[in-house]
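Asker: Everything below, folded, please.
(one chain, ligands or ions: 1)
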Amino acid sequence: MPVVEITDLRKTYGGRAVVDGVSLAVERGEIFGVLGRNGAGKTTTVECALGLRRPDGGQVRVFGLDPRTERARVQQVVGAQLQATHLHPSLTVMELVRLYRSFYREGADPEQLVERLGLGKVRDSRYEKLSGGEGQRLSIALALVGRPRLAVLDELTTGLDSSARRGVWQLVEEMRDDGTTIVLVSHDMAEVERLCDRVAILDTGKVVALDSPAGLVRRVAADVPATDFRATTVTLDDAFLQLTGHELGEPGQPDERP
Ligand SMILES: Nc1ncnc2c1ncn2[C@@H]1O[C@H](COP(=O)(O)OP(=O)(O)OP(=O)(O)O)[C@@H](O)[C@H]1O
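Answerer: Below is the predicted model of the structure:
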């Protein structure tokens, strides 16, 4: 049984299909990337998978459970780091990590996790006083403190400097090695290439390709004549461009949120 199984998922806002028939299955123990431009429908897809948004069509199962009707059971085994995290501004780092730990029957040691994410120096600082990168690392700690069987990480390392980014990547790899399944939403090509076992490329609400990063590159390289020098230097960026018709950095559909 896949850890996450999404079948023909649809979500429409204002008459526009922002998720338009997405089907994918995340297998146990893999790091599964969801890659796409801004507005491609990545966050909407994973938030439907977590039961946070109501799909207009299709089916979602997480560990075989319906995340909308069996939310409490799903929440016990899933940790999510989402883009819009609302935390109480006057609680400290340690208070928040301990609070989130209390939501789970089993979990990580808050002290160790805070050290591991390089938050030891700000452990007694209030959330409102944290820098962007510290807040980001705290949101990762909160997603992982329940030692989830599935972790959903949306824009994992946005706003982190390169050394913090490498530290977080290492932590994610260690989690995968410990058996956690990870869904990584990203528009960071280097992150996807380094971490993901398989990647779904989402474009205007549809899965346009699903393969390992190397498989995506091979697929595109096969279309390049062997005499062409680029055949030996095709990158995941080239694959993305070829498969979607746009650069990853280009904006997608206009943001219509109020
Ligand atoms: N609550 C909402 N109301 C109206 N439109 C929405 C809502 N949520 C998302 N959208 C629209 O749906 C589209 C997909 O948004 P989504 O956040 O899923 O994209 P994304 O791929 O995660 O983008 P990003 O990389 O910018 O986070 C966007 O055009 C967005 O404006």
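Asker: For the chain, which segments count as strands?
Answerer: In chain order, the chain shows strands spanning 4-13, 16-26, 31-35, 57-62, 78-81, 150-154, 181-186, 198-203, 206-211, with DSSP state E as the criterion.
Asker: Pull out the buried positions in stretch 148-158.
Answerer: In terms of neighbour count (16 or more other C-beta atoms under 10 Å), stretch 148-158 has its buried residues at 148-157. Where C-beta positions appear, they are placed from N, C-alpha and C, glycine not excepted.
Asker: Please convert the residues you listed to TSV, extending it with distance to the ligand and pLDDT.
Answerer: What follows is the buried residues of stretch 148-158, written out as TSV (distance: C-beta to the nearest ligand atom, whole Å; pLDDT from 0 to 100):
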residue	distance to the ligand	pLDDT
Pro148	21	92
Arg149	24	94
Leu150	19	95
Ala151	17	94
Val152	12	94
Leu153	13	92
Asp154	7	88
Glu155	7	82
Leu156	12	81
Thr157	14	80
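Asker: hang on, the earlier thing: so of the strands of the chain, which one's packed in deepest?
Answerer: Per-residue neighbour counts averaged over each of the strands of the chain give the maximum for strand 31-35, namely a mean of 26 (mean count of other C-beta atoms under 10 Å).
Asker: and the angle from that one to strand 16-26?
Answerer: Inter-element angle recorded for strand 31-35 and strand 16-26: 160 degrees (by axes from the mean of the first three to the mean of the last three C-alpha atoms, to 10 degrees).
Asker: how distant is strand 31-35 from the center of its chain?
Answerer: In terms of C-alpha atoms, centre = their mean, to the nearest Å, the gap separating the centre of strand 31-35 from the centre of its chain is 7 Å.
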